[in-house]
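> Task: produce atomic coordinates for the following.
(one chain, ligands or ions: 2)
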Amino acid sequence: MIAVLEKGCPLKQKADIVRFVEGAGFRVQVSEHSDQSLVGVIGPGAERLADELAAMPGVREIRPMAPPYPLVSREQHPESSRVKIDDITVGGNDLIVIAGPCAVESREQIFEVADAVAAAGASMLRGGAFKPRSSPYSFQGLGQEGLELLAEARERTGLRVVTEVVALEDIALVARFADVLQIGARNMQNFRLLSAIGEQQTPVLLKRGMMATVEELLLAAEYVMAAGNPRIILCERGIRTFEKATRNTLDICAVPVLKERTHLPVIIDPSHAAGRREIVPPLAKAGVAVGADGLIVEVHPDPDTAVSDGRQSMTLPAFAEMMDEIRTLAQAVGRGTPVTV
Ligand code: PEP
Ligand code: MN
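Ligands and ions are numbered 1, 2, ... in the order given. This is a model prediction of the structure:
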C-alpha cells in the first residue's frame, strides 16, 4: 500500500506518518518525486492501516501497492540503482564482464582462466565451489578448497570473485571468500535461502529460475531486499521452452522488461542459455545490444575435459576474440567498454 502525500507536505507531518506506520509494525519506504513524497507501507496486512492513514494530516490518497514487489520496483525508485563491488560498478555506464569456469577444478585451472580472462578485459572471475548438479553422482564442487583457490586467483589478478551458494548453512563460509554470492536458477525460489542471503551485506547475483516468470524473479529479489540487502544483480540465463535446439531459450525480452519494472542492474548469461560454445558470442552480443549491464560467461582452458558444462564453455582464445567484438559493440551503444590489463 502506498500513501501519496500532499504536495509540499511539511516534514513534521511526514515524520508523524512514518512513525505511525513503523509503530504499527510495518516497514516504510519513502520516495521523493519532485515536490511529492510517496510512503510505501510494506508488510502483510498493511491494508488495515488504510483508513487511519487516509485521515492523517498530509496524506492525499491511499493507493494499493501496484507491483507486489515494492522495494525492487522502478515505480517506487525511478532511478537505476548501482551495485558497487570495490571499484567495479554494475548498473552504471560500464559494461561488466564476469568470466570463468563452471566449476573450480584445480589451482592450475583457475589460475590459467583467471590470468586469461583478466587479460581479455573481464572484471570479475566466476567459478563454482559448491555446484548444484542434476545427478548426485556428478562432481559437486571442491567446497572450501575451491573457495580458497578463488581467493588466491583474486590475489593474483585483482579480479573480484563471484561464486554460488547452494545451502543456508554455507552462506557465512562462502561470504568469507566471495565478493558476490550467486543464487543459481535452481534456488531462485528457495525462499529461506533468499531471506538469509538478504540478512547479510555481500552483493547477490540472482539468476532467473528456468521455469520462472519475470514477476517471480522480481519477487525473489524482493525477498532478498526485504530482508535487508539491496545489493542485487539480476541475471537472465535462459528458460525452458519446447525448443530443443538450445539448452535453454534466452529470453532477450526479459532485459528491457526488467529494466522497465525494476531499478536493479540486469546481466545476461549466454552460456547456460546456449548450451554450446559456438553460439555464445552472438547471444552475448544480443545481450549487450538489448541493454544488459553485463555478461557472465563460462570459459575453460580445455573445455572438452571440464568436469561440468564443458560443451558450453569457451576456450581462452575464443573468449578473447569475443571480448574484442563486445568492446566494439559496447562502444556503439554508448557503454564504457571492458578494459584489458
Ligand atoms: C552456473 O552458473 O554454473 C549455474 C549452475 O547456473 P544456473 O543456476 O543458471 O543453471
Ligand atoms: Mn555452469
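> my read is residue 326 is in a strand, agree?
No - checked against DSSP: H, G, I helix; E, B strand; the rest coil, residue 326 lies outside a strand; its state is helix.
> measure it to residue 159 for me?
Applying Cβ to Cβ, to the nearest Å, one obtains 17 Å for the distance of residue 326 from residue 159. From N, CA and C alone the C-beta is placed, and that goes for glycine too.
> Just the buried residues of stretch 318-327, please?
Of the residues in stretch 318-327, those buried under the neighbour-count criterion (16 or more other Cβ atoms under 10 Å) are 318-320, 322-323, 326-327.
> Narrow those residues to those in helices?
Judged by DSSP state H, the subset of those located in helices is 318-320, 322-323, 326-327.
> Could you export those to TSV, including columns for pLDDT?
Conversion of those to TSV gives the following (pLDDT from 0 to 100):
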residue	pLDDT
318	98
319	98
320	98
322	98
323	98
326	97
327	96
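> Report all helices and strands that the helix or strand containing residue 182 contacts.
Secondary-structure element containing residue 182, defined by DSSP states H and E: strand 180-183. Where contact means 3 or more Cβ pairs under 8 Å, 6 or more residues apart in numbering; DSSP states H and E, strand 180-183 is packed against strand 160-164, helix 171-177, helix 191-198, strand 204-207.
> Most tightly packed of the ones you listed?
Highest mean neighbour count among the helices and strands packed on strand 180-183 (mean count of other Cβ atoms under 10 Å): strand 204-207, with a mean of 26.
> ok, that one: who's next to it in the sheet?
Strand 204-207 has the following strand partners under DSSP bridges: strand 180-183 (parallel), strand 232-236 (parallel).
> just these: most buried one?
Burial among these, expressed as mean neighbours by mean count of other Cβ under 10 Å, is greatest for strand 232-236, which shows a mean of 27.
> What's the first helix or strand after that one?
Tracing the chain past strand 232-236, the next element assigned as helix or strand by DSSP H and E is helix 254-261.
> between the strands paired with strand 204-207, which gets nearest to ligand 2?
Nearest to ligand 2 among the strands paired with strand 204-207 is strand 180-183; the distance by Cβ to the ion comes to 10.3 Å.
> ok so, going back, could you redo the strands paired with strand 204-207 as TSV and give each row distance to ligand 1?
Listed next are the strands paired with strand 204-207 as TSV, based on distance: least, Cβ to the nearest ligand atom, whole Å:
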stretch	distance to ligand 1
strand 180-183	6
strand 232-236	7
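> touching ligand 2 at all, the strand holding residue 182?
No - contact of strand 180-183 with ligand 2 (Cβ under 5 Å from the ion) is absent, the minimum separation being 10.3 Å.
> Those residues of the protein touching ligand 1, which are they?
For the chain, the residues in contact with ligand 1 under the definition Cβ under 6 Å from any ligand atom are 102, 128, 132, 184-186, 207, 237, 269, 272.
> Show the contacting residues for whatever residue of the stretch 51-200 of the chain ends up closest to ligand 1.
Ligand 1 sits closest to residue 184 of the stretch 51-200 of the chain, with a gap of 2.9 Å, by Cβ to the nearest ligand atom. By Cβ atoms under 8 Å, 6 or more residues apart in numbering, the contact set of residue 184 is 132, 164, 166, 207.
> Retrieve the pLDDT associated with it.
pLDDT, the model's per-residue confidence, is 98 for residue 184.
> Can you show me the helices along the chain?
Under the criterion DSSP H, helices of the chain are mapped to 11-23, 50-54, 107-120, 144-157, 171-177, 191-198, 214-226, 254-261, 270-274, 280-289, 316-332.
> Can I get the contacts of residue 184 in CSV including pLDDT?
As requested, the contacts of residue 184 are arranged in CSV below (pLDDT from 0 to 100):
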residue, pLDDT
132, 95
164, 98
166, 98
207, 98
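> Fine, thanks again, bye for now.
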